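Trainee: pasting the structure only:
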């Protein structure tokens with residue numbers, strides 16, 4: 001049929017016939033029909049042509065095949081009844097998607113297009129696909145559409161199911177969505193439509209909105225009016241206590257203090273109020289973790305001895321500090337100082353800043369032990385050595401992290417007036433840790449005065465204190481003030497730490513921080529740009545934003561400063577830890593970079609993002625760097641692998657054993673560089689962290705980025721410039737434990753869980769045996785003729801002894817057991833009965849595929865999916881999907897006596913620990929330079 005001839009006819013019936021025939025064939029012959037497009041468009045625009053809509057629909061089809069989707073959509077909207085948008089074919093899907101995408105990007109659309117989108121949303125809701133409809137409405141930023149869909153959607157717990165869509169947005173629109181959700185969740189909570197597991201998300205929304213008073217109202221209503229909210233399981237008091245535990249994990253002291261202040265004071269409920277305050281302040285959780293870490297520690301002293309023996313302090317005092325830090329990591333939170341007491345003389349061999357760092361590591365060892373902290377540090381604070389006093393103040397801050405202890409802050413304030421810069425430095429770090437994220441005005445002024453003096457040592461300490469004190473505040477004014485201070489200083493230490501403090505302040509601020517970030521990244525000072533990279537990552541922490549990824553990649557390639565490029569690559573770890581599986585693909589080319597700073601940054605980024613996951617792709621990407629030609633790259637690879645492999649073993653990940661073999665080969669090298677040996681010490685400490693019960697974790701149990709963990713990791717990475725920052729990793733460590741509490745906040749002993757795997761898969765690795773090196777005998781050089789003569793003589797003697805013994809009927813075991821070197825080749829020794837028995841004993845036994853673990857217990861991330869609740873147990877967790885952390889337990893027999901561990905009993909005999917000499921140094925005398933005594937070292941190593 002000649003379509004061109006028919007279209008030129010004046011008879012409308014003939015032209016309509018041609019259009020219908022072309023419409024039937026357009027999907028197959030669109031290339032030929034498209035040549036007549038201009039004529040068809042003319043018909044669609046002719047008001048006298050009765051089949052204008054048919055012509056428009058045919059134009060839409062042709063434009064669709066020509067990939068002109070916008071024109072196709074316009075014609076489709078003019079085609080009236082011919083375009084059935086309800087059909088689920090490729091043509092409709094493409095045009096609808098294009099329509100929504102255009103409206104989402106521009107925020108503008110014609111009335112016809114808006115009607116089309118609303119019609120599609122109605123169709124989705126009619127097909128019971130409300131979540132997709134809400135997703136489209138959210139993408140189009142139409143809160144009125146979202147509200148309309150939610151009002152018509154009759155589904156219990158609907159708000160909790162769509163909160164993840166709201167959290168993908170940013171800025172004011174996100175706040176509007178969250179405020180809309182709060183009112184609707186309130187209604188659902190009163191009707192009992194929210195499961196216990198989802199109440200935490202409800203509170204998280206209120207945290208994001210800064211609604212501390214509303215949180216306090218919910219908590220108080222739960223404990224005073226049991227009938228206000230309908231719960232599916234458990235009691236309102238248990239739920240209130242669990243919400244307090246989750247709130248404390250967010251580490252926002254100002255928000256917590258507002259909640260506590262808003263709790264009414266009522267004598268009738270005073271005991272309950274005190275329980276809530278204990279949980280909100282984290283006091284009870286610290287006691288629970290302290291008990292767990294102290295009583296479940298698996299500190300392998302032989303590993304610590306190997307770290308000590310592998311590092312020869314005669315090469316560098318850095319190695320002595322590396323051993324001390326490796327020990328502190330391995331024993332963090334365990335209160336175990338057995339190794340230090342056994343090697344006290346060795347531990348005292350440090351001076352200057354190494355003594356400062358060594359003393360501060362006591363704060364890591366005694367993590368959570370607030371009650372005994374003053375006694376532990378009393379000896380060191382009484383010394384006259386300013387390095388030791390400063391380190392003790394720093395250690396006190398690590399122990400009292402985030403407690404807001406006013407008496408301790410007054411003590412730090414007094415030391416900040418000292419004449420010794422080391423003491424001031426330690427007091428600044430300690431006070432910043434204790435007052436973490438509190439934005440204390442007096443401390444801010446003290447830090448400002450110290451930084452303004454432009455002195456490197458305590459100026460750096462005050463700058464770090466700034467970041468700790470104002471972490472997460474989001475104060476743009478504070479950031480501008482710090483940038484002014486940085487521009488006025490000519491000390492690199494101060495400028496660098498001030499720029500990192502800005503990153504701490506703008507934590508999770510997203511687009512609100514863009515103005516400051518742009519100013520920092522455009523600065524001519526590389527130290528400011530260095531901090532700008534971390535500020536960018538901290539502002540968008542955990543979001544995995546493609547826009548930020550592209551920006552960081554650009555900086556890592558184009559910036560002229562090696563430090564800035566390294567910082568840009570490391571920042572990927574903070575940006576991507578919630579989606580760590582995608583990071584090795586992004587970093588694949590960077591691992592092969594010619595620039596060693598890029599390779600180091602890649603390793604550290606993978607370590608941060610994949611910490612504790614044993615992720616095989618990340619291990620494969622880092623493993624080649626263990627043999628890198630540059631020592632600090634090897635160091636970075638070791639630190640990163642320490643984070644990733646933490647608490648792991650060969651049964652959990654097949655790559656574990658070959659990686660450990662490669663690392664042992666590095667450790668066996670006698671002439672390895674100091675930087676690599678430092679990395680080895682940190683690796684071993686991270687691998688066995690906290691008696692094998694702690695690991696690095698940058699997000700809470702609910703998947704929310706943890707302010708304290710991210711800030712601690714950021715300052716830990718500053719060890720590149722300042723070794724005392726190593727101890728900051730203490731605040732990024734999290735116990736891998738399940739601790740169940742009853743309503744009275746005690747630990748029931750008889751609550752048990754079942755793990756459906758073999759026990760060896762997730763059990764503690766066995767302690768290493770003490771290596772006993774046999775004394776090698778000196779071999780005398782012999783001629784070949786002499787060896788032959790001796791062989792013949794030995795053979796004759798052996799035959800003679802065997803004949804003599806046979807005549808007596810007994811062959812002694814000692815006579816028959818000769819070495820192969822002494823026997824002729826014809827004589828073959830048979831295995832003895834003892835050897836056969838040893839082999840039978842060493843044979844592996846059949847291990848059951850399940851075992852029982854008791855409260856409190858160690859549960860790793862990979863182990864959670866294998867944990868099962870025991871049916872018929874007296875206790876059941878309030879949150880059944882929570883397999884880690886502190887969890888409230890429902891007691892089915894509350895009137896019966898219970899076997900519990902009380903956390904209110906204090907230890908009877910606090911132990912005063914010491915890491916340096918008790919004898920005070922003479923006043924006003926500079927400590928002597930560290931000198932290694934090889935004779936004394938050999939004496940210590942004797943059994």
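Mentor: Arrived safely. Just so it is clear, the model here is predicted, and its values are computed rather than measured.
Trainee: Quick one: the strands in this protein, in order.
Mentor: Taking DSSP state E as the criterion, the chain contains strands spanning 694-696, 733-735, 737-741, 747-748, 752-755, 851-854, 857-858, 867-869, 875-877, 885-891, 900-901.
Trainee: for residue 104, what are its contacts?
Mentor: Neighbouring residues of residue 104 by C-beta atoms under 8 Å, 6 or more residues apart in numbering: 139-141. For glycine as for every other residue, the C-beta is placed from the backbone atoms N, C-alpha and C.
Trainee: Next: residue 537.
Mentor: Contacts of residue 537 by C-beta under 8 Å, 6+ apart are 503, 548, 552, 571-575.
Trainee: Wait, residue 536 touches residue 548, no?
Mentor: Yes: counting by C-beta atoms under 8 Å, residue 536 does reach residue 548; the two are 6.2 Å apart.
Trainee: So between these two, which is more surrounded?
Mentor: Neighbours per residue (other C-beta atoms under 10 Å) separate residue 536 from residue 548, with residue 536 holding more: 29 against 21.
Trainee: now residue 622: how far from residue 420?
Mentor: Distance of residue 622 to residue 420, given as C-beta to C-beta, to the nearest Å: 42 Å.
Trainee: More neighbours: the two, which one.
Mentor: residue 622 (27 against 17).
Trainee: Report the contact partners of the more buried one.
Mentor: Residue 622 neighbours (C-beta under 8 Å, 6+ apart): 591, 603, 606-607, 637, 640-641, 644.
Trainee: let's go with 7 Å and repeat that
Mentor: 603, 606, 637, 640-641 (C-beta atoms under 7 Å, 6 or more residues apart in numbering).
Trainee: export the residues you listed to a markdown table and tack on pLDDT, neighbour count and distance to residue 205?
Mentor: Shown next, in a markdown table, are these (pLDDT from 0 to 100; neighbours: other C-beta atoms under 10 Å; distance: C-beta to C-beta, whole Å):
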| residue | pLDDT | neighbour count | distance to residue 205 |
| --- | --- | --- | --- |
| 603 | 95 | 32 | 37 |
| 606 | 95 | 32 | 32 |
| 637 | 95 | 31 | 41 |
| 640 | 95 | 30 | 35 |
| 641 | 94 | 28 | 38 |
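Trainee: quick one: which of those is nearest to residue 327?
Mentor: residue 641 (19.2 Å; C-beta to C-beta).
Trainee: Once you drop chain neighbours, what's closest to that closest one?
Mentor: Distances taken as C-beta to C-beta, 6 or more residues apart in numbering place residue 622 nearest to residue 641, at 5.8 Å, with adjacent residues excluded.
Trainee: Quick one: the helices in the stretch 351-500 of the chain, in order.
Mentor: Ranges of helices in the stretch 351-500 of the chain, per DSSP state H, counting those that start in this stretch, are 352-365, 373-381, 386-399, 406-415, 421-434, 441-452, 456-469, 476-488, 492-505.
Trainee: Output the ones you listed in TSV; the columns should cover mean pLDDT and mean neighbour count.
Mentor: Shown next, in TSV, are those (pLDDT from 0 to 100; neighbours: other C-beta atoms under 10 Å):
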stretch	mean pLDDT	mean neighbour count
helix 352-365	91	27
helix 373-381	90	19
helix 386-399	93	30
helix 406-415	92	16
helix 421-434	94	29
helix 441-452	93	18
helix 456-469	93	27
helix 476-488	93	17
helix 492-505	95	26
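Trainee: Residue 888: which of these is closest?
Mentor: Across the helices of the stretch 351-500 of the chain, residue 888 has its closest neighbour in helix 386-399 (26.6 Å, C-beta to C-beta).
Trainee: which helices and strands sit right next to that closest one?
Mentor: Judged by 3 or more C-beta pairs under 7 Å, 6 or more residues apart in numbering; DSSP states H and E, the packing partners of helix 386-399 are helix 352-365, helix 373-381, helix 406-415, helix 421-434.
Trainee: Adding distance to residue 120, write those out as TSV.
Mentor: TSV is the format used below for those (distance: least, C-beta to C-beta, whole Å):
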stretch	distance to residue 120
helix 352-365	58
helix 373-381	62
helix 406-415	59
helix 421-434	54
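Trainee: Residue 43: which of those helices is closest?
Mentor: Evaluated over the helices and strands packed on helix 386-399, closeness to residue 43 peaks at helix 421-434, with 76.7 Å, by C-beta to C-beta.
Trainee: what's the angle between the closest one and helix 373-381?
Mentor: Angle of helix 421-434 versus helix 373-381, following axes from the mean of the first three to the mean of the last three C-alpha atoms, to 10 degrees, is 170 degrees.
Trainee: Other residues contacting helix 421-434?
Mentor: Helix 421-434 is touched from outside by 356, 386-387, 389-391, 393-394, 396-398, 400-401, 403-405, 408-409, 412, 415-416, 418, 443, 447, 450, 455, 457-458, 461-462, 464-465, 468-469, with contacts defined as C-beta under 7 Å, 6+ apart.
Trainee: just stretch 199-209 next, same as before
Mentor: For stretch 199-209, the external contacting residues (C-beta under 7 Å, 6+ apart) are 160, 163, 175, 178-179, 181-182, 185, 194, 214-215, 239, 243, 246-247, 250, 255, 702, 704.
Trainee: What residues of that stretch count as buried?
Mentor: Neighbour counts using 16 or more other C-beta atoms under 10 Å place 199-207, 209 of stretch 199-209 among the buried residues.
Trainee: about what we covered before: out of the helices and strands packed on helix 386-399, nearest to residue 687?
Mentor: Residue 687 lies closest to helix 352-365 among the helices and strands packed on helix 386-399, at 15.6 Å (C-beta to C-beta).
Trainee: helices or strands up against that closest one?
Mentor: Applying 3+ C-beta pairs under 7 Å, 6+ apart, one finds that helix 352-365 makes contact with helix 317-330, helix 373-381, helix 386-399.
Trainee: what do you get if the cut-off is 8 Å, keeping everything else the same?
Mentor: helix 317-330, helix 373-381, helix 386-399, helix 421-434 (3 or more C-beta pairs under 8 Å, 6 or more residues apart in numbering; DSSP states H and E).
Trainee: For the ones you listed, please prepare JSON lines with the additional fields distance to residue 49.
Mentor: Output for the helices and strands packed on helix 352-365, formatted as JSON lines (distance: least, C-beta to C-beta, whole Å):
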{"stretch": "helix 317-330", "distance to residue 49": "82"}
{"stretch": "helix 373-381", "distance to residue 49": "90"}
{"stretch": "helix 386-399", "distance to residue 49": "83"}
{"stretch": "helix 421-434", "distance to residue 49": "79"}
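Trainee: pretty sure residue 559 is touching residue 565, no?
Mentor: Yes: the pair residue 559 / residue 565 is scored as a contact, 5.2 Å apart, by C-beta under 8 Å.
Trainee: Name the surrounding residues that touch stretch 720-727.
Mentor: Residues outside stretch 720-727 that contact it (C-beta under 8 Å, 6+ apart) are 318, 321, 325, 328, 353-354, 356-357, 360-361, 363-364, 391, 394-395, 398, 429, 460, 464, 493, 496, 682, 715-719.
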